[in-house]
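Asks: The following comprises the amino acid sequence and a computationally predicted model.
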Amino acid sequence: MSTGLIVTLVIIAILIFYFISIYNKLVNLKNVFKNSYSQIDIQLKRRYDLIPNLVETAKGYMKHESETLDAVISARNMASSANQKVAQDPSDTQAIETLVGAEAVLTGSLGKLFALSEAYPDLKANQTMEKLMEELSSTENQVTFSRQRFNDDVMNYNTQIESIPDNIIASQFKFKPATLWNIEKPEEREAIKVSF
């Protein structure tokens, strides 16, 4: 073998290993943001499980507020369904946008429930309700933290698939940009006011 052929083969081997390392890095970043979403999923499921208990507890005291209670359960079911779709594929832009909208509706309906509950002193004094509110507040904090982590991981992934030369590998192997969990309306940015 000639020296020129050996040098050519070595250069080709180095390029192949270089492109393989880029591909593996992109796969790793994609898996990291998917794992970040699974952390959101865990917290949202916990939140969705708490809401029916909260509504059942409130129902005994707020008999005349059935429309509000039904709206909370309906919004919870809608958000839970949207979350299941995102959990299947966190890179699905449409699913993320649907979930963000459903979460905004749920946050609004819970806000109305908490505002109405202020008019029921016996409900405010109920230990079960107080415990559920504390758990919900803790869960809300975890959801916020998990969303921030998800957005950081999505940003890292998106930056990598747009950077040269990684974008060449990303386009060849169909790595799509992921969607950040953006909250568009200012009122949706506010956390649920959980105060008893």
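Replies: Structure received. What you see is a predicted model; the values in this text were computed from it and never measured. Residues are numbered from 1 along each chain as shown.
Asks: Any idea which residue is closest to the centre of the chain?
Replies: residue 40 (4.6 Å; Cα atoms, centre = their mean).
Asks: so what's it closest to, chain neighbours aside?
Replies: residue 146 (4.3 Å; Cβ to Cβ, 6 or more residues apart in numbering). Quick note: C-beta positions are derived from backbone N, CA and C, even for glycine.
Asks: Next, count neighbours for the one you found.
Replies: 20 (other Cβ atoms under 10 Å).
Asks: wait, what's in contact with it?
Replies: 36, 39, 40, 42, 43 (Cβ atoms under 8 Å, 6 or more residues apart in numbering).
Asks: Give me the buried entries from those residues.
Replies: 36, 39, 40, 43 (16 or more other Cβ atoms under 10 Å).
Asks: ok, the second one touching residue 149?
Replies: Right, the one you point to is residue 39. Yes. If you go by Cβ atoms under 8 Å, residue 39 and residue 149 touch, sitting 6.7 Å apart.
Asks: residues near residue 97, how many?
Replies: Neighbour tally, residue 97, other Cβ under 10 Å: 16.
Asks: do the one 10 residues further on as well
Replies: Summarising burial for residue 107: neighbours were counted as other Cβ under 10 Å, giving 20.
Asks: swap in residue 54?
Replies: Residue 54 has 22 nearby residues by other Cβ under 10 Å.
Asks: Can you tell me the element it falls in?
Replies: According to DSSP states H and E, residue 54 maps onto helix 3-59.
Asks: Report the mean per-residue pLDDT for that helix.
Replies: Per-residue pLDDT over helix 3-59 has a mean of 95.
Asks: Stretch 86-102 now?
Replies: 94.
Asks: Buried ones in it, by neighbour count?
Replies: 86-87, 90-92, 95-102.
Asks: quick check, nearest of those to residue 56?
Replies: residue 102 (21.6 Å; Cβ to Cβ).
Asks: List the residues that contact that closest one.
Replies: 75, 78, 79, 81, 82, 83.
Asks: Before I go, just wanted to say thanks for your time.
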